[in-house]
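Undergrad: this one's structure only:
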C-alpha cells in the first residue's frame, strides 16, 4: 500500500544515496566523518554507501592533499542525483498529504477525548507535520520526547530525552516515531497507560504497539 511504500527500506536507501551524491557534488574533498555528521548517519554507513556508489559508477575517487581522497560525481552520478531528487520531491509531497490527513485525525481524536495538551514521542517528519496541524486542531504540543535527538528545539517545540524531563503538565502522548514506532508506543503505554497514548495511523500500529504487516 502507499503508506508502506513511503516508509520502506528502499525509500530510506534512496534518501541516503541522494544526500551522499549531493554532498559529493557540493564538496568532494570533505571527509567521510563530516558527510556522516551532515547526513545524520553512522560513519560506517557512509563508507558502505560510498563503496556502493563507486561500484555503480556514480562516484569516482581522486587524490586530495593531506593523504586524503576526493570524490567526484560521474555523468551517471549527476543523472542519478537528478532522478532521485525528482523522486524524493514526489514522495515528500505524497507523504505530506497522507501525514496531514492522519495527524488531523489523531489530533481530533485527542481533542475529542479531552486531551488538549500533548507530548509527541519521536522526532521525525511526521512530528513536524503534527506540530503544524496542532494549531488548527486546537491542541497544544507541550514537548517532544526522543532519547536519540540531540536538538534542544524542533519546529518551535522543546525537545527532551525522557518524559521525566518534561516539567509542564500534559494530558496524553502521541507517537510520531517512524523508526522505532512500536518501542516508543510501548514505552509510553508503560508509563501513562494505553488510554493516554495515541499513534498516527501511518505508523501501522495495533493497540498493543505491534506493527501491522504490510500487504505483499
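TA: Good, I have the coordinates. Small disclaimer: the values here were computed from a predicted structure and weren't measured. Numbers count the residues shown, from 1 in each chain.
Undergrad: now do stretch 20-29: everything it contacts.
TA: Stretch 20-29 is contacted by residues 30, 35, 38-39, 46, 49-50, 53, 58-59, 62, 64, 68, 70-73, 77-78, 80-81, 84 when judged by C-beta atoms under 8 Å, 6 or more residues apart in numbering. Heads up, the C-betas are built off the backbone N, CA and C, glycines and all.
Undergrad: domain parsing for the chain?
TA: Taking automatic domain parsing as the criterion, the chain consists of the domains 2-73, 96-203.
Undergrad: how about the secondary structure of residue 76?
TA: Under DSSP: H, G, I helix; E, B strand; the rest coil, residue 76 falls in the helix class.
Undergrad: try residue 167
TA: Under the three-state scheme (three-state DSSP), residue 167 adopts coil.
Undergrad: ok, now residue 141?
TA: strand.
Undergrad: what's the distance between it and residue 54?
TA: For residue 141, the distance to residue 54 equals 43 Å [C-beta to C-beta, to the nearest Å].
Undergrad: picking that back up, reformat the domains of the chain as JSON lines; add mean pLDDT.
TA: Formatted as JSON lines, the domains of the chain follow (pLDDT from 0 to 100):
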{"stretch": "domain 2-73", "mean pLDDT": "81"}
{"stretch": "domain 96-203", "mean pLDDT": "95"}
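Undergrad: what's the closest of those domains to residue 88?
TA: With respect to residue 88, and counting by C-beta to C-beta, the nearest of these is domain 2-73 at 5.7 Å.
Undergrad: redo the domains of the chain as CSV? Include distance to residue 88 and mean neighbour count.
TA: Output for those, formatted as CSV (distance: least, C-beta to C-beta, whole Å; neighbours: other C-beta atoms under 10 Å):
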stretch, distance to residue 88, mean neighbour count
domain 2-73, 6, 15
domain 96-203, 12, 18
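Undergrad: hang on, residue 174 is in a helix, isn't it?
TA: No - counting by three-state DSSP, residue 174 falls outside a helix, being strand.
Undergrad: doesn't residue 201 make contact with it?
TA: No - assessed by C-beta atoms under 8 Å, residue 174 is found out of contact with residue 201, at 11.4 Å.
Undergrad: so what sits against both of those two?
TA: With C-beta under 8 Å, 6+ apart, residue 174 and residue 201 have common neighbours residue 106.
Undergrad: where along the protein do the helices fall?
TA: Per DSSP state H, the chain has helices spanning 2-7, 9-26, 32-39, 43-55, 75-112, 125-137, 181-192. These are given in chain order.
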